[in-house]
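Engineer: My questions concern the predicted model and sequence given below.
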Amino acid sequence: MRGRMTWLIAVFLVGVSGCGASNGLDLARVSGKVTYKGEPLKNGTVMFEPDESKGTTGPQAIGTITSDGSYILSSETSGDGAVVGFHKVGVLGLEASPVSDKAMPSPEEDPLKYLAAKTQAGLDASRNATKKNAGQTVTGLDGKPFRVTVPEKVTSTKTSGITAKVVRGSNVMNIDIDEHGVAQIK
């Protein structure tokens, strides 16, 4: 009985130690700053999507843009980085404050109220929009609408044209976006 119990404990410990690992992913740390027209973005998200056409596979890495424009990518755990290889990059720059402080009703709890509130938020954003963004908004996790501050082109990994190569070790990738949505990684 004692031998069987020792064997079960050993198997359990090997299994638990494997759970904390990166599931065999080859990850490297990635951080940097994002600027738009020479000024730091103060809020938003950076997305690195592995480019399967160039042989890179794995989970997407995402980083939150802080008030000084900096970001740190995470794939599985906070700050663990991105898969080593080639990536398509997207940047979603948002105003720091929501267009409206009203949270959206839950679509699961009341679909009709949710649709009405989403329509109203879009109308409010359009009325308050600047010409450069034409009222483009996204809804945050808290249900509040935020105005997009960068050209729509760069907000998706599919349309941005921004690419990056993540190498082993620590990577610093500063992303500079111009007024036309053309971006460079330095």
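Structural biologist: Perfect, thanks for sending it. Numbers count the residues shown, from 1 in each chain.

Engineer: Once you drop chain neighbours, what's closest to Glu152?
Structural biologist: Gln136 (6.1 Å; CB to CB, 6 or more residues apart in numbering). Every residue, glycine included, has its C-beta placed from N, CA and C.

Engineer: Please, where are all the helices along this protein?
Structural biologist: 2-19, 111-128 (DSSP state H).

Engineer: comparing those, which gets the lowest mean pLDDT score?
Structural biologist: Sorting the helices of the chain by mean pLDDT places helix 2-19 lowest, at a mean of 41.

Engineer: Tell me who's in contact with the residue most central in space within the chain.
Structural biologist: Centrality entry for the chain: nearest residue to the mean C-alpha point is Ile62, 3.5 Å, by CA atoms, centre = their mean. By CB atoms under 8 Å, 6 or more residues apart in numbering, the contact list for Ile62 reads Thr45, Val46, Met47, Phe48, Leu73, Ser74.

Engineer: Go through those and give me the one with the most neighbours.
Structural biologist: Using other CB atoms under 10 Å as the neighbour test, the contacts of Ile62 are led by Phe48, with 29 neighbours.

Engineer: and the closest residue to Thr45 other than its chain neighbours, what does it touch?
Structural biologist: The shortest distance from Thr45 to any residue other than its chain neighbours is 4.7 Å, reached at Leu92 (CB to CB, 6+ apart). Leu92 sits next to Gly44, Thr45, Met47, Val138, Val148, Val150, Thr155 when contact means CB under 8 Å, 6+ apart.

Engineer: This structure: strands as residue ranges?
Structural biologist: 27-36, 39-40, 44-50, 61-65, 70-72, 82-83, 85-93, 137-139, 145-147, 162-166, 170-172, 175-177, 183-185 (DSSP state E).
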